[in-house]
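Participant: sequence-free structure coming up:
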C-alpha cells in the first residue's frame, strides 16, 4: 500500500491552462505539505496544512491554491500556468508539525509547461 | 546566500568505499537535522534524523552534527551500488509549521 500517493504522475500542458494535482495519505497523519523541486533538484516548501487548516504559505503566487477536504487529502490547483511552473511537485505528510517530525514523501508529479 | 549549503557533486566512488556527505548552515537556531535519500524519479526517503550534536549510527549510516561549527555530515560505510542516489540534508525549527529547509542535494554514484 502506497503511504503517500499523488496523481497524476506526469502533467504536460500549455501555458495559461489551469490544472490540479491530488494527494492522499493513508498513514493517519495530521499534517500535509506541498514542496516544489526545480531542475537543479532544489526542494522548497510551498504550503503545509494541519487537520485541514493552513499553517504555512511560503510566499507562493496566489495562482497556487491548496485545498484540504479532510486531513488525509491535500490538493493543489494552479491557475494560469507559466513556464516557470515547470518542476516536480511533491506531497508529504507527518504525524504533526511541531518538533522533529519525519516527513514521508510521495513520488512526485512532473509538471511540464509547453 | 542559501540557509543550507550542500555540494551538488556528482560524487563517484568505488564499491566498498566510505562516503562522506556534508552540509553547512547559517541559521544557528536550527534544531532538527535530517538526511533524505532520493532515487531517480522517486520522492525523498528519510534515512536518519537527530536533534543533538554528536553522532547517531544506523547500520552502515552515521549522521554527525556539530552545532558549534554549523556543519552536519552523513557517512556511508561499505558503500554499495544500491546507494547510488541523491542525498539531501534538511533542517528545521520547532515552531515553523514543520517547514524543512533542504540543501541542494549531492548526487552519489557507487561503481561496482
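Facilitator: Yes, it's here. Nothing here was measured: the structure is a model prediction, and the numbers come from that model.
Participant: centroid-wise, who is the farthest residue in chain B?
Facilitator: In terms of distance from the mean C-alpha position of chain B, residue B:112 ranks first, at 22.6 Å (CA atoms, centre = their mean).
Participant: any idea how far that one lies from residue B:61?
Facilitator: From residue B:112 over to residue B:61 the distance is 20 Å, taken as CB to CB, to the nearest Å. C-betas here are computed from N, CA, C, even on glycine.
Participant: check residue A:79 too.
Facilitator: 42 Å.
Participant: for these two, indicate the residue with more neighbours.
Facilitator: Taking neighbours as other CB atoms under 10 Å in any protein chain shown, residue A:79 and residue B:61 compare with residue B:61 leading, 17 against 13.
Participant: run through the helices of chain A in chain order.
Facilitator: Counting by DSSP state H, chain A has no helices at all.
Participant: how about low-confidence regions in it?
Facilitator: Residue ranges of chain A with pLDDT under 70: A:1.
Participant: enumerate the residues of it near chain B.
Facilitator: A:4, A:31, A:33, A:40-45, A:48, A:50, A:55-56, A:58, A:90, A:92, A:94, A:96-108 (CB under 8 Å from any CB of the partner chain).
Participant: which of the residues you listed fall in strands?
Facilitator: Using DSSP state E, A:4, A:31, A:33, A:43-45, A:48, A:50, A:55-56, A:90, A:92, A:94, A:104-105 are the members of the residues of chain A next to chain B that sit in strands.
Participant: farthest-separated two in these?
Facilitator: Taking CB to CB as the measure, those span a maximum distance of 20.2 Å, between A:43 and A:50.
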